[in-house]
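>>> predicted coordinates and the sequence they were generated for:
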Amino acid sequence: AQTVTQSQPEMSVQEAETVTLSCTYDTSENNYYLFWYKQPPSRQMILVIRQEAYKQQNATENRFSVNFQKAAKSFSLKISDSQLGDTAMYFCAFSSSNTGKLIFGQGTTLQVKP
Amino acid sequence: DGGITQSPKYLFRKEGQNVTLSCEQNLNHDAMYWYRQDPGQGLRLIYYSQIVNDFQKGDIAEGYSVSREKKESFPLTVTSAQKNPTAFYLCASSILKGGGTEAFFGQGTRLTVV
């Protein structure tokens, strides 16, 4: 069975600085997808970034980038130039190409301080 | 506007009663999912469905039931067998059976047992 683990329950960062959120996962599959979602206080889930396992190149979306290490089963999220609006809970997620099952980690609460 | 709608936003249930949470999407998505989120916790998968008239148990299916009679609808019933049903419930949908595309989420239903 697949699992997703986020080992940092809470993190904080000063505005304009860079922060990295960690995620590890476990799977025996070779083809899968990984995601980072953001859940602000409104509780609406928002996709931040997506990575296909078959792509070696790390995905980037503006200030957000990932460090995907397939062999280590690691998928960290880097947020550059942190903004107050980045304050939210961040979830790492795994999607199986075989079953379509989509599972999430425990989440990391990020606070950006002015 | 296309989207995914959960209703009601707040729901109160007496102990021993079954209650059904509604989830409707007009995005023409194949896959639909139900998650439970407890305070400060991650999203735990209850059930998911890739096609009409078929669904699979997630990690915490006990005490819950679902149906997928129409592509647009994936209602979740919380039965009296669910020992601790008070939680925030999120429904999601995605376009591909094999995963890999963004999951869109509803606004959630907050269920409280009184």
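Thanks, I have the structure now. Since the structure is predicted, the reported quantities are computational estimates derived from the model, not experimental observations. Residues are numbered from 1 along each chain as shown, chains lettered A, B, ... in the order given.
>>> neighbours of residue B:51, how many?
Neighbours of residue B:51 under the rule other CB atoms under 10 Å in any protein chain shown: 13. (Each C-beta comes from the backbone N, C-alpha and C, glycine too.)
>>> was I right to think it contacts residue B:32?
No. Judged on CB atoms under 8 Å, residue B:51 makes no contact with residue B:32 at a distance of 10.0 Å.
>>> need the overlap of contacts for these two.
Shared contacts of residue B:51 and residue B:32, defined by CB atoms under 8 Å, 6 or more residues apart in numbering or on different chains, comprise residue B:68.
>>> for residue B:92, helix, strand, or coil?
Three-state assignment for residue B:92 (DSSP: H, G, I helix; E, B strand; the rest coil): strand.
>>> neighbours around it, how many?
A count of neighbours around residue B:92, defined by other CB under 10 Å, yields 26.
>>> same question for residue A:96.
What residue A:96 shows, counting by other CB under 10 Å, is a neighbour count of 18.
>>> residue A:28 is in contact with that one, correct?
No. In this structure, residue A:96 is not within contact of residue A:28 by CB under 8 Å, at 10.3 Å.
>>> so residue A:85 lies in a helix, does it not?
Yes. Assessed with three-state DSSP, residue A:85 lies in a helix.
>>> contacts only, for it.
Applying CB under 8 Å, 6+ apart to residue A:85 gives the contacts A:40, A:112.
>>> kindly report the same for residue B:36.
Contacts of residue B:36 (CB under 8 Å, 6+ apart): B:43-44, B:46, B:60, B:87-90.
>>> now it: how far from residue B:111?
The gap separating residue B:36 from residue B:111 is 9 Å, by CB to CB, to the nearest Å.
>>> with residue A:20 instead?
Using CB to CB, residue A:20 is found at 35 Å from residue B:111.
>>> tell me the buried residues in stretch B:65-77?
B:65-68, B:71-72, B:74-76 (16 or more other CB atoms under 10 Å in any protein chain shown).
>>> actually, stretch A:54-72.
Under the neighbour-count criterion of 16+ other CB under 10 Å, stretch A:54-72 has A:59, A:64-66, A:68 buried.
>>> show me these that map onto strands.
Using DSSP state E, A:64-66, A:68 are the members of these that sit in strands.
>>> okay, these in JSON lines with distance to residue B:5 and pLDDT next?
As requested, those are exported to JSON lines (distance: CB to CB, whole Å; pLDDT from 0 to 100):
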{"residue": "A:64", "distance to residue B:5": "28", "pLDDT": "98"}
{"residue": "A:65", "distance to residue B:5": "33", "pLDDT": "98"}
{"residue": "A:66", "distance to residue B:5": "31", "pLDDT": "98"}
{"residue": "A:68", "distance to residue B:5": "34", "pLDDT": "97"}
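>>> which one of these sits closest to residue B:24?
Residue B:24 lies nearest to residue A:64 out of those, by CB to CB, at 30.8 Å.
>>> who's in contact with that closest one?
If you count contacts by CB under 8 Å, 6+ apart, residue A:64 has them with A:36, A:48-49, A:77-80.
>>> narrow those residues to those that are buried.
By neighbour count, with 16+ other CB under 10 Å, these hold A:36, A:48-49, A:77-79 as buried.
>>> let's have these in CSV, adding pLDDT, distance to residue A:88 and secondary structure.
What follows is these, written out as CSV (pLDDT from 0 to 100; distance: CB to CB, whole Å; DSSP: H, G, I helix; E, B strand; the rest coil):
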residue, pLDDT, distance to residue A:88, secondary structure
A:36, 97, 11, strand
A:48, 97, 9, strand
A:49, 96, 14, strand
A:77, 98, 12, strand
A:78, 98, 15, strand
A:79, 98, 10, strand
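>>> nice, that's everything, thank you.
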